[in-house]
Each structure stands twice: as C-alpha cells, then as structure tokens.
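>>> Below is the structure, and that's it, no one-letter string:
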C-alpha cells in the first residue's frame, strides 16, 4: 500500500491522527522535498522534529529522485506499506498525481490522507473561497525572458480578475539545473529561490503597464500572505503600491488580487488592512 | 481565546494534532451543525465518537444558536478557552467569517486550526486545483422558483466552464423554516434535504437546454463525488447522461464539470471513468 499523506501548512503537529497512524505503521517514509523544502523550516530542525514525532527515519526525496526513481519507491509498496509525505495536501502539485497514476498502473493500492493546503487556508483573509478564480504561478523574469510576448500570464489574470480574484501562489525554484550547465551537458544546480510578494507585484505591474487598457494598477487592492498556516503567518491587505514596500519575511509568499467584494468580506479584510 | 478548528472530511480521526490539543484544553466545545450535520454521520454515533476521542462534551450549535446567540458563545471566550469545531476547514462557510468578525470586534483573540475541505480535497480526481474556476451552489428548484429569469447561475457556470472547470458543491438545507410557516409568523422547520448529483444534473440540463447556445449538454464530461474524504467515498467520471443514472448513495455530493484537460489529468480521470 502506498500512502500519500498531507502534512498541512504549519509544523509537524499539523498532521492528522489518521495521517500519523499511517506513517507510524509504514516501513519506509519518503518526504517530498522539492516543492516544499522552504515551507516547513526543514533547513533548521524541522526534519528531526518530524522524525521524532513519527518515530521513523525520513528519506528526503528531491525532484530527481521522485521523477527518476519513482519505480524503485513504488516497487517497495507492492509488498509493504510505504508513506510519501507532502507539505499541504497531496494534490497541490502535479508530481503527486503522476506518482498516483504510476502506482495504479503497477496495481499498487493507493490511499490518500488529506490536509489543509494554501488553496483552502487562504480563505482566512475573509474572501469567500467559492468566488476565487483560477490560480496562476508567477515565474521569475530573466534578462532574456519576459512574458510580454506570450501574454499567457496576463490572459489568466485578466479573466480571473474580472470575475472575482486571483491567487498567485509562490513560485519556488529548488534544485533547478542552470540554463548554462544544461547547455554544457552537465547538471549544475542553481541556488534555491522563491518568489516574494514584492517581486511578484513588480513583475505584475511591469506586464500590466505594457497594456493599453490595464486591468490592474498600483492602486489595485490585494492581500499578501507569508507563511500561511504557521505560527508566525503574516497577512496584509492593501494596494499593490503599499504591499510592494512591505517586508513579508521568510517564504512562502502568495498574493491575492481582490475583485468585487461583499460587505462581510470587507469587514474581515479590515482587520488585515495596511495602515501605512 | 476562541479556537475555530477544522475537523477535515472523513471522521473523528481527521482532526490534526494541533486541533486535538486545542479542543482538549478548552472548557467549552461547540460544534457547528447546520452545514455539516449530514457529512459526519452524526445522526448515528458520530458525535459520541468525537466526544470520546476529545474527552469533552460537545454542544451542537445549529444555525439559530450561532446567529442569534453568538454573543453568548463569544462572551465566554473572553476569559476562557472556547472551541468552535467545524467539518472541513473553518473558512468553507460564510458563517464562520461572521463569527470571527464578531469576536475580533469584541476584542477576543481568535486562533484558526486549518484542515482539508472539499475545496482542496477535490484535487483527488486528477484535475489540477489551480485550474478550477469559481464554485457555484445549485439550489433546489421549486414549483414557483426556477432560475430561468435570473440567469445568474448559468452565467457563473458559463464563465467558469469556458475557462476551465466548475465545482458545484452540494446545497444542503438543514432546519430551514418553511415558506408557509414564515408567512404565518411562526417558525416550522422543513425536513433536512441535500442536493444529489442526479438532481443537480437534471436541473443543470433543464436550464442549459433553455438556451439557444448551450455551453454544456448531456454529453459533457463531469466528475461526481460522494462522501469525499471518507472511507467509503465514491468518485465517478463520465458524461452527464451517465452520471445522472448512478446512485451515489449517502450525502454529501458534489459535481465538477470538466473543461479542457491535460494528458496527465486524463490519465488520472481514466481510473474513475464510468464503464457503463
């Protein structure tokens, strides 16, 4: 049996009782690292906290391991219980869908243990979840790449924004081979980077301002979230020009562009409103 | 301190360790009943299972209690720890936002413990969460009320569908005063009802067919979910005309209209595909 277990957003105590029971009975525990390394404070003692609580050694599975060695991980699950633990909910990232598809094709039984993810915890700002539009990731612009030509990102944002709101989730790059090293046929990894609310706003304004008919401006109201679901989460509502100046601190960050609101939504947003 | 604690979707063991610790230290525990009565099997022995696990007596708070006696519940939270527990995540329903707003206005500290909700657990079907459009509720049509004139529901569905997908969450009516009794100035309650996938599809097709240019037909592919997140959950993908004939059993039900898909999404959907 392959268990894919969501850990939620904060720390090791955000696992559910069902998830904890499953982890404890597994003979091997893998932790998905590549999309979530930064979110659980694993660089410090997060991993050992998890191991202590679960009473298990955890093997960190980076992107390469999951994509290239998935069959090894899965073949173990034929005869024994294997846990694959992920920050948030198991279906926040495409890679886990891929793992489930592979497992099912190999005839392995898969069991999912759900948990909170940024996709629903974001409701804490008061904007009603059912009114959110499509979610887009904001990639890093580079010297040689900007989305002015593709217009894809802006197209998403416009369609969502008109309807209601957009969530722009953090774009994280962990262990990405550098373009230069790929050209030379060797994999050399770039240092991990994560998108900040500040950079996301800068980039959004840059592509927005290039349009004749901008759908958002620096006066557009947004909500910025940092470390959502953890003890020191930070949530601030304000115009793009205000949020752009705020230091939200450690990752992960995400940003919601506010559309048309209901009075109750406004009342709740007021508690988070930037007073600057 | 007022704790608002998400219980997740399945049973009492879907609470997080953080949530359980909070409940156990509270001197009073209220359970939100009106939007979630049916989902946790509380009509049988679900409530006593919760009470046994938490070691606490739970006061069921129906809609009337929450809306009319919120101040009583909240004034307790000034001096002591009070827990308000809800199925799914605290921000799945507007009522909890209202409770938080009232508490904050009274100067009461509020702490949220997140959990899975249908809004993210629905990713289990393989359709990527970030591509979902706005969510709409399908109310029951009555003899005297049909949405042909307002066109609001259809407008939502069209805009979402064109972009990606729609989730139509179950519409539940629990302890609604009947129209007749309201006219007479006394509150008499109608029996609880919940929307089934079958009725939702019938109603959607009825309003869809009334349009010259239908955006969906009975051949449109959908995914039906019943009891999502529980041990006996049922997930079936198929055309509206297929799903309409399937008995999905006990509540809660929800329905996703599938938009444009990615090959990996198709691979995952295939595991759920209706073979009839």
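Perfect, thanks for sending it. Keep in mind that what you see is a predicted model, and the values were worked out from it rather than measured.
>>> quick one: the helices in the stretch 101-250 of chain A?
Taking DSSP state H, counting those that start in this stretch as the test, the helices found in the stretch 101-250 of chain A are A:118-121, A:152-163, A:179-183, A:197-209, A:240-243.
>>> Worst mean pLDDT among those?
The stretch with the lowest mean pLDDT among the helices of the stretch 101-250 of chain A is helix A:152-163, at a mean of 54.
>>> if you skip the residues just before and after it, what's nearest to whichever residue of the stretch 151-276 of chain A sits closest to chain B?
The minimum distance from the stretch 151-276 of chain A to chain B, using Cβ to the nearest Cβ, falls at residue A:267 (4.9 Å). C-beta: built from backbone N, CA, C; applies to glycine. Take residue A:267 and drop its neighbours on the chain: the residue closest to it by Cβ to Cβ, 6 or more residues apart in numbering or on different chains is residue B:101, 4.9 Å away.
>>> Could I get the pLDDT score of that neighbour?
Looking at residue B:101, the pLDDT reads 93.
>>> Any figure for the gap between the nearest residue to residue A:30 once chain neighbours are set aside and chain B?
Closest residue in space to residue A:30, ignoring its immediate chain neighbours: residue A:61 at 4.5 Å, by Cβ to Cβ, 6+ apart. Distance, residue A:61 to chain B, by Cβ to the nearest Cβ, to the nearest Å: 19 Å.
>>> beta partners of residue A:61?
Residue A:61 forms beta bridges with residue A:32, as assigned by DSSP bridges.
>>> what sits against it?
A:30, A:31, A:32, A:33, A:34, A:73, A:84 (Cβ atoms under 8 Å, 6 or more residues apart in numbering or on different chains).
>>> got it, and residue A:203?
By Cβ under 8 Å, 6+ apart, the neighbours of residue A:203 are A:138, A:141.
>>> if I look at it, how far off is residue A:218?
13 Å (Cβ to Cβ, to the nearest Å).
>>> hey, what's in contact with both of these two?
With Cβ under 8 Å, 6+ apart as the test, residue A:203 and residue A:218 reach no residue in common.
>>> Please parse chain A into its domains.
A:2-116, A:119-270 (automatic domain parsing).
>>> Just say which of the ones you listed is most tucked in.
domain A:2-116 (a mean of 19; mean count of other Cβ atoms under 10 Å in any protein chain shown).
>>> What's the end-to-end length of that domain?
20 Å (Cα to Cα, to the nearest Å).
>>> give me the residue from the stretch 101-250 of chain A nearest chain B.
Taking Cβ to the nearest Cβ, the stretch 101-250 of chain A has residue A:123 as its residue nearest chain B, at 2.9 Å.
>>> so that residue touches residue B:92, yeah?
Yes: between residue A:123 and residue B:92 there is a contact under Cβ atoms under 8 Å: 7.1 Å.
>>> overlap in contacts of those two?
In contact with both residue A:123 and residue B:92: A:129, B:119, using Cβ under 8 Å, 6+ apart.
>>> Run through chain A and note the low-pLDDT ranges.
A:34-46, A:93, A:145-192, A:211, A:213, A:276 (pLDDT under 70).
>>> can you do 50?
A:44, A:149-150, A:162-164 (pLDDT under 50).
>>> Would you map the strands across chain A?
A:2-6, A:28-32, A:58-61, A:82-86, A:110-113, A:132-137, A:165-169, A:172-173, A:193-194, A:221-226, A:234-239, A:253-257 (DSSP state E).
>>> Return the distance of the fourth one from the chain's centre.
In terms of Cα atoms, centre = their mean, to the nearest Å, the centre of strand A:82-86 is set 17 Å apart from its chain centre.
>>> Sheet partners, orientation included, of it?
strand A:2-6 (parallel), strand A:28-32 (parallel).
>>> Around chain B, pick out the residues from the stretch 51-200 of chain A.
Within the stretch 51-200 of chain A, the residues that sit near chain B (Cβ under 8 Å from any Cβ of the partner chain) are A:89-92, A:94, A:97-98, A:100-101, A:104, A:112, A:114-117, A:119-121, A:123-124, A:126, A:128-137, A:159-160, A:163-164, A:169.
>>> just so I know, which of the strands paired with strand A:82-86 lies nearest residue B:244?
Residue B:244 lies closest to strand A:2-6 among those, at 31.4 Å (Cβ to Cβ).
>>> and the gap between residue A:274 and residue A:251?
In terms of Cβ to Cβ, residue A:274 sits 20 Å off from residue A:251.
>>> for residue A:23, same thing?
25 Å.
>>> got it, and residue A:235?
With Cβ to Cβ as the criterion, residue A:235 and residue A:251 are 15 Å apart.
>>> for residue A:11, same thing?
15 Å.
>>> Ok, residue A:227 next?
7 Å.
>>> residues in contact with stretch A:216-228?
A:9, A:39, A:118, A:121-122, A:124-125, A:127, A:157, A:161, A:197, A:201, A:204-205, A:208, A:233-241, A:243-244, A:246, A:248-258, A:269, A:272.
>>> Identify the residues contacting residue A:120.
Residue A:120 touches A:129, B:89, B:91, B:92, B:114, B:116, B:117, B:119, B:120, counting by Cβ under 8 Å, 6+ apart.
>>> Residue A:125 is in contact with residue A:255, isn't it?
No: here residue A:125 lies out of contact with residue A:255, judged by Cβ under 8 Å, at a distance of 11.0 Å.
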